[in-house]
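Engineer: structure, please.
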Amino acid sequence: MTAQSPYSVIDIDAFEALRRSSVRELLDRCQDVDGRPPLSDHALSAATHRTLTARAFAVLDQSLNPAAYAQATPTAEPAPTWALNIAIDPLSRTDRARILDSACRAAIEWVRRRDAASVQWWCHEATATDRATAERHGLQPTRQLLEMQMHLGYASTRPSLPTRQFITGVDESALLEVNNLAFEHHPDQSNWTHASLEARFASDWFDPTGLLVHVDDCGTMLGFCWTKVHRSPSSPIGEIYVLAVRPTHHGRGLGRSLAEAGMQSLRDRGIERAMLFVDAPNTSARELYERLGFAITSTTTAFSASR
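Structural biologist: Presented below is the predicted three-dimensional model:
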């Protein structure tokens with residue numbers, strides 16, 4: 001941190017940090033103002049359930065009130081990459097540059113002391129200030145994640161593809177197999193384990209009615225559509241959280257049909273808007289979602305640096 005900075009940084013286990021009222025209030029203010037969660041699902045799950053060794057950093061102002069919360073979360077154990085999320089209190093954003101500088105420096109130094117291979121800062125709608133901060137800390141843009149949204153409408157058009165609700169205690173291994181085959185080379189979605197599922201099942205947002213699977217006549221799972229609902233006092237929004245098809249059955253329209261089943265599931269729960277995330281280079285997925293009625297609403301950039 002530069003000598004002129006009025007901010008100090010403390011680091012703490014993320015599990016403990018999220019139990020501090022000051023941190024929870026900061027994250028709630030961010031969600032209320034921004035209309036989206038300030039932490040990724042992976043980061044929140046890791047911190048809430050201690051599934052990974054996530055580390056948190058609070059940037060404190062001169063009155064020792066938190067101006068920002070930052071969290072470094074490994075993508076796996078041992079961690080080849082640490083994902084960095086930074087949430088700046090809306091009340092402190094007029095000093096965004098100095099707060100970001102303090103948070104980035106503290107988090108990156110801590111990660112590198114653990115000899116991690118790479119740091120990846122995820123920044124929503126990156127500004128010139130964000131890009132300058134990233135460059136100052138040796139981070140370059142390496143990945144873009146698109147958020148897409150659509151209005152679900154009120155018409156109930158039942159999908160033709162038969163699906164059923166996920167059965168706990170029965171379907172876990174099959175779902176993991178489909179997921180890990182479908183996302184074999186994906187940086188976030190690959191190599192899920194039973195612990196990965198258990199952490200998500202324990203989340204406040206999990207609703208078993210939102211996890212739909214499609215099986216063939218022999219009982220083999222061919223794909224699934226997992227939806228979630230982001231609750232807010234003003235306007236809840238549904239998300240197509242994971243859409244996966246067994247690779248041997250690509251090109252048969254299962255992805256579109258599963259997505260339609262997921263969208264209908266959200267309608268049935270009274271949800272009027274839907275969202276999803278897709279990697280910018282994944283043109284086939286993006287075109288599928290555009291045909292369904294989704295449109296790009298925002299971009300999140302990953303700034304990365306190898307050790």
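
Engineer: wait, what's in contact with residue 36?
Structural biologist: For residue 36, the contact set (Cβ atoms under 8 Å, 6 or more residues apart in numbering) comprises 124, 230. Glycine gets a C-beta too; all of them are placed from N, C-alpha and C.

Engineer: try residue 23
Structural biologist: Taking Cβ under 8 Å, 6+ apart, we find residue 23 in contact with 17, 56, 58, 66, 69.

Engineer: most surrounded residue in those?
Structural biologist: residue 69 (27 neighbours; other Cβ atoms under 10 Å).

Engineer: what strand or helix carries that residue?
Structural biologist: Element membership for residue 69 (DSSP states H and E) is strand 66-74.

Engineer: in this structure, which spans are helices?
Structural biologist: 14-17, 21-34, 41-49, 96-113, 128-136, 172-182, 194-201, 254-268, 283-292 (DSSP state H).

Engineer: state the distance from the residue nearest to the spatial centre of the chain to residue 208.
Structural biologist: Per Cα atoms, centre = their mean, the C-alpha nearest to the average position across the chain is that of residue 40, at 3.4 Å. Using Cβ to Cβ, to the nearest Å, residue 40 is found at 23 Å from residue 208.

Engineer: just residue 59 next, same as before
Structural biologist: 38 Å.

Engineer: more neighbours: the two, which one.
Structural biologist: The residue with more neighbours, out of residue 59 and residue 208, is residue 59; 26 against 11, by other Cβ under 10 Å.

Engineer: partners of the more buried one in the sheet?
Structural biologist: residue 9, residue 68 (DSSP bridges).

Engineer: could you list the low-pLDDT ranges of the stretch 201-307 of the chain?
Structural biologist: 233-234, 306-307 (pLDDT under 70).

Engineer: I'd say the residue nearest to the centre of the chain and residue 87 touch.
Structural biologist: No - if you go by Cβ atoms under 8 Å, residue 40 and residue 87 don't touch, sitting 10.9 Å apart.

Engineer: about what we covered before: which helices and strands sit right next to the strand holding residue 69?
Structural biologist: For strand 66-74, the elements it packs on are helix 14-17, helix 21-34, helix 41-49, strand 55-60, strand 81-88, helix 96-113, judged by 3 or more Cβ pairs under 8 Å, 6 or more residues apart in numbering; DSSP states H and E.

Engineer: OK, contacts around the closest residue to residue 151 other than its chain neighbours?
Structural biologist: Closest residue to residue 151 apart from its sequence neighbours, by Cβ to Cβ, 6 or more residues apart in numbering: residue 273 at 5.8 Å. Taking Cβ under 8 Å, 6+ apart, we find residue 273 in contact with 149-152, 235-238.

Engineer: kindly report the same for residue 248.
Structural biologist: Neighbour list for residue 248: empty [criterion: Cβ under 8 Å, 6+ apart].

Engineer: what's the span of stretch 285-304, first residue to last?
Structural biologist: 24 Å (Cα to Cα, to the nearest Å).

Engineer: swap that for stretch 110-126, please
Structural biologist: Counting by Cα to Cα, the length from the leading to the trailing residue of stretch 110-126 is 23 Å.

Engineer: so which residues make contact with it?
Structural biologist: Stretch 110-126 is touched from outside by 11, 34, 36, 40, 55, 57, 72, 74, 79-86, 104, 107-108, 130, 134, 139, 141-143, 145, 298-307, with contacts defined as Cβ under 8 Å, 6+ apart.

Engineer: try it again with 6 Å
Structural biologist: For stretch 110-126, contacts defined as Cβ atoms under 6 Å, 6 or more residues apart in numbering pick out 72, 79-85, 108, 130, 139, 298, 300-307.

Engineer: can you check stretch 190-198 too?
Structural biologist: 172, 176, 179-180, 183-184.

Engineer: equivalent analysis for stretch 53-67, please.
Structural biologist: Contacts of stretch 53-67 (Cβ under 6 Å, 6+ apart): 6-12, 14, 17, 22, 26, 46-47, 68-73, 89, 92, 99, 102-103, 106-107.

Engineer: endpoint to endpoint, that stretch covers what distance?
Structural biologist: Its start and end residues considered, stretch 53-67 measures 23 Å (Cα to Cα).

Engineer: which ones are touching the residue nearest to the centre of the chain?
Structural biologist: Here residue 40 is in contact with residue 85 (Cβ under 6 Å, 6+ apart).

Engineer: gap between residue 282 and residue 104?
Structural biologist: 28 Å.

Engineer: about what we covered before: how about the helices and strands packed on strand 66-74, which one is nearest residue 243?
Structural biologist: Relative to residue 243, the nearest member of the helices and strands packed on strand 66-74 by Cβ to Cβ is helix 41-49, separated by 14.9 Å.
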